[in-house]
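# mind folding the following:
(one chain, ligands or ions: 2)
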Amino acid sequence: MIIKGNSKKFVGEIRVPGDKSISHRSIMIGSIANGHSTIEGILMSEDVIRTIEAFKSMGVNIRKDDEKIYVEGVGLKGLKKPISEIYCGNSGTTMRLLAGILVGQDFSSTLTGDESLSKRPMYRIINPLKQMNGNIKGRKDKFPPLMIEPSMNRLKGIDYRLPMASAQVKSAILLATLYVKGSTRIREDKISRDHTERMLNYFGCKIVNNNGLIYMDSNNILTGKDITIPGDISSAAYFIVAATLIKNSNIIIRGVGLNPTRVGIINVLKKMGANIRILNEDIVNNEPFGDIQITESKLRGILIDEDVIGTLIDEIPIITVAACFAEGRTVIKGAEELKYKESNRLMTISRELKKMGAKIQLLSDGLIIDGVKELKGASLDSYNDHRIAMALSIAALLAQGESKINNYECVNISYPDFYNTLFNL
Ligand SMILES: O=C(O)C1=C[C@@H](OP(=O)(O)O)[C@@H](O)[C@H](O)C1
Ligand SMILES: C=C(OP(=O)(O)O)C(=O)O
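Ligands and ions are numbered 1, 2, ... in the order given. Sure, this is the predicted structure:
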């Protein structure tokens, strides 16, 4: 993909596709609920398609027409043994959350992934699921594939302190709790997204998240529901940063999810000096959403520390791009989790932006970014990581001269329409 720099103003209204985290959960929870669920606004990207295919392979009837997805929930115990391994592709969310559901089934299953997912850490879910009496193993007990055997109705609740801020680990435990005797208590010291808690609650489950202390009872019955999925703030993030930095820009992004555990990008950019307004706030199926208006503004460097990292974890590559154009120094700390994503994002984003003239120091748990006057076009690589490809594309638009983004097709993982929306703007 060739991108010419020096982009002219962004003006207009856009929508971004449905939230990826909520899309995965709508299929998973809809499939194991009793009765029909209708889902509007789902993200049809490679990661979410992996989740849809996984549940289809376990006998769930999932149909799509132009606008909606119809899921015939089979109930907690209604899934069937898949005829082969379940391939989770590039999707950590698919593998980790699905493992939580599968430890509660009466059949054995194997979860595999692509080259990137096969290197991502799984001990973080294997450990708590084993403590719950789940019968789950990984390669060297740490990596995919995951092999799961029936636990013979021996699953029990757990009292667990999350060792890292991870919604995927928390969600695997909560989904397994649907199949246990007793109750589960999870303590999270740092915020992670709470879509699972919100959706389980919406489907009728007894669950509370009180400032990071989550309590869930067993013996829940889930009932199918209608779900509308708000736009993905992680996808909106690229346009929010672009409109902030491109002269005379003024855009509105309609219908974006504004869950407080996800709006770190907005809080941080505002603190850096961005002109961002939230309009028309509302709530749908327990999830807040609204419109975001962004006008061009000057940014200054700030400290982004570990307390907020969980609320903007997937946005750090694009925040790093914003920081390159801010006045002064931006320090990102407590972001070690970025090393365990589709690529080591601390390393990949800093390495590629440096090719454009960025001033970035790599720390063991973050980055120090000194603002520069300009970036220059370069030949860049995404490392097959969708968030890196999109962040670099915005950097390329803002740079002087032309850039080439190699391996840009990975945007299909979370945002197949990314380049269409970008070039229309
Ligand atoms: O639960 C989810 O939907 C996700 C949680 C986050 O991962 P971790 O739980 O590993 O932090 C995030 O990076 C990922 O894109 C989606
Ligand atoms: C890390 C991500 O997703 P996952 O963990 O589901 O692969 C992401 O979308 O940036």
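# could you use CA atoms for every contact and neighbour count after this?
OK.
# any weak-confidence spans in the protein?
For the chain, no stretch has pLDDT under 70.
# which residues of the stretch 101-250 of the chain lie near ligand 1?
166, 167, 168 (CA under 6 Å from any ligand atom).
# apart from its chain neighbours, what residue comes closest to the first one?
In space, and not counting its chain neighbours, residue 166 is closest to residue 192: 5.7 Å by CA to CA, 6 or more residues apart in numbering.
# only C-alpha atoms, please: export the one helix or strand residue 321 maps to in CSV.
Assigned by DSSP states H and E, residue 321 belongs to helix 316-324. Taking C-alpha atoms only, helix 316-324 is exported to CSV below (Å, rounded to 0.1, in the frame of the first residue of the first chain):
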residue,chain,number,x,y,z
ILE,A,316,-0.9,2.5,22.2
PRO,A,317,0.5,2.2,18.7
ILE,A,318,-1.6,5.1,17.4
ILE,A,319,-1.0,7.1,20.6
THR,A,320,2.7,6.7,19.9
VAL,A,321,2.1,8.3,16.5
ALA,A,322,0.2,11.2,18.1
ALA,A,323,3.1,11.6,20.6
CYS,A,324,5.6,12.0,17.8
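# what is that helix packed up against?
helix 233-245, helix 345-355, strand 367-370, helix 386-398 (3 or more CA pairs under 8 Å, 6 or more residues apart in numbering; DSSP states H and E).
# any idea which of the ones you listed gets closest to residue 38?
Proximity to residue 38, assessed across the helices and strands packed on helix 316-324 by CA to CA, is greatest for helix 233-245 (22.2 Å).
# in the closest one, what's buried?
Judged by neighbour count (16 or more other CA atoms under 10 Å), helix 233-245 contains these buried residues: 233-245.
# which bits of the stretch 301-425 of the chain sit near ligand 1?
So far as CA under 6 Å from any ligand atom goes, the stretch 301-425 of the chain lies against ligand 1 at 313, 314.
# buried subset of the residues of the stretch 101-250 of the chain next to ligand 1, written for PyMOL?
Selecting only the buried entries of those in PyMOL, with 16+ other CA under 10 Å as the criterion:
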select buried, resi 166+167+168
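# tell me which of the residues of the stretch 101-250 of the chain next to ligand 1 fall in helices.
By the criterion of DSSP state H, membership of these in helices covers 167, 168.
# what's the closest of the residues of the stretch 101-250 of the chain next to ligand 1 to residue 95?
For those, the nearest to residue 95 is residue 168 (9.2 Å; CA to CA).
# which parts of the stretch 51-200 of the chain are helices?
With DSSP state H, counting those that start in this stretch, the ranges of helices along the stretch 51-200 of the chain come out as 92-102, 123-131, 167-177, 195-202.
# same list, those helices, but as CSV with distance to ligand 2 please.
Output for those, formatted as CSV (distance: least, CA to the nearest ligand atom, whole Å):
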stretch, distance to ligand 2
helix 92-102, 4
helix 123-131, 13
helix 167-177, 8
helix 195-202, 14
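# could you redo these as TSV and give each row distance to residue 392?
Converted to TSV, these look like this (distance: least, CA to CA, whole Å):
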stretch	distance to residue 392
helix 92-102	22
helix 123-131	30
helix 167-177	26
helix 195-202	28
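# tell me which of those lies nearest to residue 50.
Of these, nearest to residue 50 by CA to CA is helix 92-102, at 7.1 Å.
# now do the closest one: distance to the chain's middle.
14 Å (CA atoms, centre = their mean, to the nearest Å).
# and it with helix 195-202, angle?
With axes from the mean of the first three to the mean of the last three CA atoms, to 10 degrees defining the directions, helix 92-102 sits at 50 degrees from helix 195-202.
# helix 92-102 - contacts with which helices or strands?
Here helix 92-102 touches helix 20-31, helix 46-56, strand 109-112, strand 143-149, helix 167-177, going by 3+ CA pairs under 8 Å, 6+ apart.
# quick one: closest of these to residue 251.
Closest among the helices and strands packed on helix 92-102, using CA to CA: helix 20-31, at 22.5 Å.
# with only the CA atoms kept, save the closest one in CSV.
C-alpha atoms of helix 20-31 as CSV (Å, rounded to 0.1, in the frame of the first residue of the first chain):
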residue,chain,number,x,y,z
LYS,A,20,-14.7,-6.4,18.1
SER,A,21,-14.8,-7.4,21.8
ILE,A,22,-18.6,-7.1,22.0
SER,A,23,-19.0,-8.9,18.6
HIS,A,24,-17.1,-11.9,19.9
ARG,A,25,-19.0,-12.0,23.1
SER,A,26,-22.4,-11.6,21.4
ILE,A,27,-21.8,-14.8,19.4
MET,A,28,-20.4,-16.7,22.4
ILE,A,29,-23.0,-15.8,24.9
GLY,A,30,-25.8,-15.9,22.4
SER,A,31,-24.8,-19.4,21.4
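# does ligand 1 sit close to it?
Yes - using CA under 6 Å from any ligand atom, we find that helix 20-31 touches ligand 1 at residue 21.
# which helices and strands sit right next to the very next helix or strand once past that helix?
Downstream of helix 20-31, the first helix or strand assigned by DSSP H and E is strand 34-40. Helices and strands touching strand 34-40, as assessed by 3+ CA pairs under 8 Å, 6+ apart, comprise helix 20-31, strand 68-74, strand 226-228.
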